[in-house]
Every structure is written in C-alpha cells, then in structure tokens.
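Novice: A predicted structure for the sequence below; I have some questions about it.
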Amino acid sequence: MSQADLNGLRRFDRALLGAVQMIVPIDDRSEWLRTWRAEIWHMRHLKAHRLNGLSVGLTCDALWLRTDSWRRAYTGTVSLCLATLAFLCVVATLIMVILTGSWPDAAIYLGIRLPHFIAGSPLLVLVVYAEFATSNPRHTEHGSATKFRFWFKRKLFLFAKTALLLLLGFLLSADLFQTLHASFPITSDLMQIFVFVVLSLLGLRWSFLDQQIRCKQCLRALTTPARVGRPSHNLLEWNGTELLCPDGHGHLSVPEMETSWCQSSRWTFQTPTAP
Amino acid sequence: MLSTPRLSHTAALILKAISLGYCFGFDIMEVTGLPSGTVYPALRRLERDGLAGSKWEAESTATAGQRPARRYYEITKAGKSTALAATERYPLLARLLPEKNA
C-alpha cells in the first residue's frame, strides 16, 4: 500500500500506522498496512470510542509479525545455538561474581580451577568421541564427503559448540561448589571436578547428537520428521525416519534398524551445491 | 495420525467466534470482549497453525460500499475439528457466543 492509500484516514491514524509499520518485516508490511487501514476505517465509522484499544492491537500484531519472522529466521540456526551457549556462559560467570562478591575474587577463584578445566577437557572430548564413534556406527555420513567447504564448516561449528559446552560445564560446576569451598576446600574441589566431568559428558554427548540432526550444508537443525516405509518389511525394503532441512538443502534418512545393506544414516542434497 | 492441537481458552474462544461467522478482527473483539492486543496476534497464530485462513474481500464489493476492503477470517477443516474438541474441553464456550446474524 502506498502513502496515498493512507489518505482516507485521519492524521493520527496515519501517524500511528507510519510509526508502527517500522516494526513489521518489509515482506509483510504492505498487507499489514492494508489490513489495519480497513480495521481502523471500520472502527472510526462504527465504534470510535474503542480506537485506543485498537492501537494496542496493531502494535501487538506488528510485534507478533516481527518475532515470528525472527523465529522463522533463527530457529535451529548455528548462530542461535552458539549465542545461547555463550549467553549461558555469561550468566554462569555473573553468578560466580555474585557468589564471590567481586570480579577480582571471581577471577582468582576461577583461575585456581582453570588447570582442571584445561587438563580435563581434551580428555573428555576424546572419551566421548571414541565412545560415540564405536557405539553409534549407523550415523556415519555419506554423500557429502567431497564437499570440503561444508565439512570444514561442520567441524568448525562442532569445535565452537564443544568449547562453549566445556566452558559452561566448568563454570556451572564452579558455581555449585563455590559456597562450600571456604568450609571444605578439598571435598569441594573433588566434587567440582566430578560434577564438571558429568556435566561435560552430558553436554558433549548432546553436542554430537545435535550435530547429526543438522543440515550438512547450512547446519540448521532438521525438522518435520516423517516415517517412511513399513516396519513389517524390514528384510525386504528400507524403512525409517526422514528429516528435512527447513531451507530445502536436503534430507537425512535414518534407518529404523541396522541391516547389512543399510547401516548408516544417509544425507541427500536436494539442491545443486555449486558456489 | 496427528492429534488435534490443544488450545488455550482464549484461542478456543476466538476460533469458536470465527466458526460462528464472526470473520473480522473487530467483530471478534466485539463478540468475545477480548482486547485487540489479544485478538489480532491470536488470529495470526491460528492462521499460522492452519486452523483459520484469511482472504480479502472483493474490491468491487468494498468500492460499492464506499469503504476499504477487509480481511475475512474463515475456519479451516482442521480448525473445525479443533473447535469441536475445544468445545468438549470448555463446555461453556458454546453458550458464551451467539450465532452471528446474516
């Protein structure tokens, strides 16, 4: 809708629509303006006394469209995953600062425990990676080995996610036992190491599982799982679950059970992956 | 088979209003007594979830009435079954809203 289309409205209505439309995503803006022009016109001609309430409605509507566009754009993305983990790390650090009383005290407390973190982290990653590689052979990827660019992106994301998870595990374990440290220093140190290991193992396992159900091109979390095939035909044909990339890059076929001809999940690109 | 989505009381009320023929946001506000800040986002959610659809009034009709074309909301097939389930869940829903006169 152009500015000329708004001329049928009063100056206040035009100003209101002009201001609030900035919240609405550009793609939805013309339809939003058209809808609200009609609603305001009818309100003006039928129930003018309720227009104030309507201005709240149009603002809420615009905010809903904006948040929904963000939801569609960011749900399951790499940036959201890493940002959430980074945010949790910041929150855990702030809790530590509150518990110790000041930034320098928090830094000293964490600094003493940092060797546990640095020494333990690579070992934990190796243990989880080895356990995962041996116990879960059906999730070996196929069909994307030649795309070095995508492979590198996946590994970079896995590295960043793993690093943040380990850091989060370390900070949370330090938070949990900070108050006990003054009374029982040795016990609290041992318990902190133990909790760090448990939290990290859980986090790393989630990290590897999460990696498998992401698009091999854009790394967005796969959605819309659909059952394919008949379980009663296990020995005759493939059956399992298919998950789709929300951006349409491909789909992942996860077999229901391992068979001699199909032991692993298979990723299939749907679109040409030329640069 | 997908189960029928469970709606909040407010969403069920709005869906019921659409199913009774109240097809404009303003009409729904009037009949339900809900504020506009609740009704319009709820209509968007119902549309996103496929329980309600919307279409524009024909320009010729609007022009004949010397007013801007309005956006009509209408209940979908999935919306009908959800509204039915919501009526069973909230029995008073049917009594709260009168049928719209033609």
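Specialist: That came through, no problem.
Novice: number of nearby residues for the residue of the stretch 1-150 of chain A found nearest chain B?
Specialist: Chain B sits closest to A:G57 of the stretch 1-150 of chain A, with a gap of 2.4 Å, by C-beta to the nearest C-beta. In this view, the C-beta of every residue, glycine as well, is placed from N, C-alpha and C. When neighbours are counted by other C-beta atoms under 10 Å in any protein chain shown, A:G57 registers 25.
Novice: would it count as being in a strand?
Specialist: No. Secondary structure of A:G57 (DSSP: H, G, I helix; E, B strand; the rest coil): helix, not part of a strand.
Novice: Excluding sequence neighbours, find me the nearest residue to it.
Specialist: The spatial neighbour of A:G57 that comes closest, neighbours along the chain excluded (C-beta to C-beta, 6 or more residues apart in numbering or on different chains), is B:S36 at 2.4 Å.
Novice: helix or strand for residue 40, which one?
Specialist: Went with chain A since none was named. Here A:I40, judged by DSSP states H and E, is contained in helix A:26-46.
Novice: think we crossed wires, I meant chain B
Specialist: Going by DSSP H and E, B:Y40 is part of helix B:36-48.
Novice: now do A:S264
Specialist: Using DSSP H and E, A:S264 sits within no helix or strand.
Novice: Just the pLDDT for it.
Specialist: On pLDDT, A:S264 comes in at 77.
Novice: For the nearest residue to A:S121 once chain neighbours are set aside, list the residues it contacts.
Specialist: Distances taken as C-beta to C-beta, 6+ apart place A:L166 nearest to A:S121, at 4.7 Å, with adjacent residues excluded. Counting by C-beta atoms under 8 Å, 6 or more residues apart in numbering or on different chains, A:L166 makes contact with A:117, A:121, A:124-125, A:200, A:203-204.
Novice: Please identify, among those residues, the one with the most neighbours.
Specialist: Among the contacts of A:L166, A:S200 has the most neighbours (other C-beta under 10 Å), with 28 neighbours.
Novice: Now do the phi/psi pair for it.
Specialist: Main-chain dihedrals, A:S200, degrees, to the nearest 10: phi -70, psi -40.
Novice: excluding its backbone neighbours, what's nearest it?
Specialist: A:G169 (4.1 Å).
Novice: Quick check: which element contains the one you found?
Specialist: helix A:148-181.
Novice: With B:S54 instead?
Specialist: Going by DSSP H and E, B:S54 is part of strand B:52-56.
Novice: What's the mean pLDDT across the next helix or strand after that strand?
Specialist: Note on strand B:52-56: by DSSP H and E, the next helix or strand toward the C-terminus is helix B:59-64. If you average the pLDDT over helix B:59-64, you get 84.
Novice: Give me the buried positions along the helix or strand following helix B:59-64.
Specialist: Scanning forward in sequence from helix B:59-64 by DSSP H and E, the next helix or strand is strand B:71-75. When neighbours are counted by 16 or more other C-beta atoms under 10 Å in any protein chain shown, the buried residues of strand B:71-75 are found to be B:71, B:73, B:75.
Novice: contacting residues around strand B:71-75?
Specialist: A:34-35, A:38, B:15, B:18-19, B:23-25, B:28, B:43, B:46-47, B:51-57, B:83.
Novice: what lines up beside it in the sheet?
Specialist: strand B:52-56 (antiparallel) (DSSP bridges).
Novice: In PDB, could you pull the C-alpha coordinates for the partner strand?
Specialist: Output of strand B:52-56 as PDB, limited to C-alpha atoms (Å, rounded to 0.1, in the frame of the first residue of the first chain):
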ATOM      1  CA  ALA B  52      -8.000 -20.500  10.300                       C
ATOM      2  CA  GLY B  53      -7.500 -19.000   6.900                       C
ATOM      3  CA  SER B  54      -7.900 -15.500   5.600                       C
ATOM      4  CA  LYS B  55      -8.900 -13.900   2.300                       C
ATOM      5  CA  TRP B  56      -9.500 -10.400   1.100                       C
END
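Novice: Run through the stretch 1-150 of chain A and note the low-pLDDT ranges.
Specialist: Within the stretch 1-150 of chain A, the ranges that satisfy pLDDT under 70 run A:1-9, A:46-53, A:131-146.
Novice: how about a cut-off of 90?
Specialist: Counting by pLDDT under 90, the stretch 1-150 of chain A has low-confidence residues at A:1-19, A:21, A:28, A:31, A:33-58, A:72-73, A:75-76, A:99-150.
Novice: And for the residue nearest to B:A52 when sequence neighbours are not counted, the neighbour number?
Specialist: Closest residue to B:A52 apart from its sequence neighbours, by C-beta to C-beta, 6+ apart: B:L46 at 4.1 Å. By other C-beta under 10 Å, 24 other residues sit near B:L46.
Novice: For A:F152, see how far away B:L46 is.
Specialist: 43 Å (C-beta to C-beta, to the nearest Å).
Novice: same check, this time on A:R34
Specialist: 46 Å.
Novice: who's more crowded, the two?
Specialist: More neighbours surround A:R34 than the other of A:R34 and A:F152, with 17 against 10 (other C-beta under 10 Å).
Novice: before we move on, the earlier item: ok, the residue nearest to B:A52 to B:E74 distance?
Specialist: Distance from B:L46 to B:E74, by C-beta to C-beta: 11 Å.
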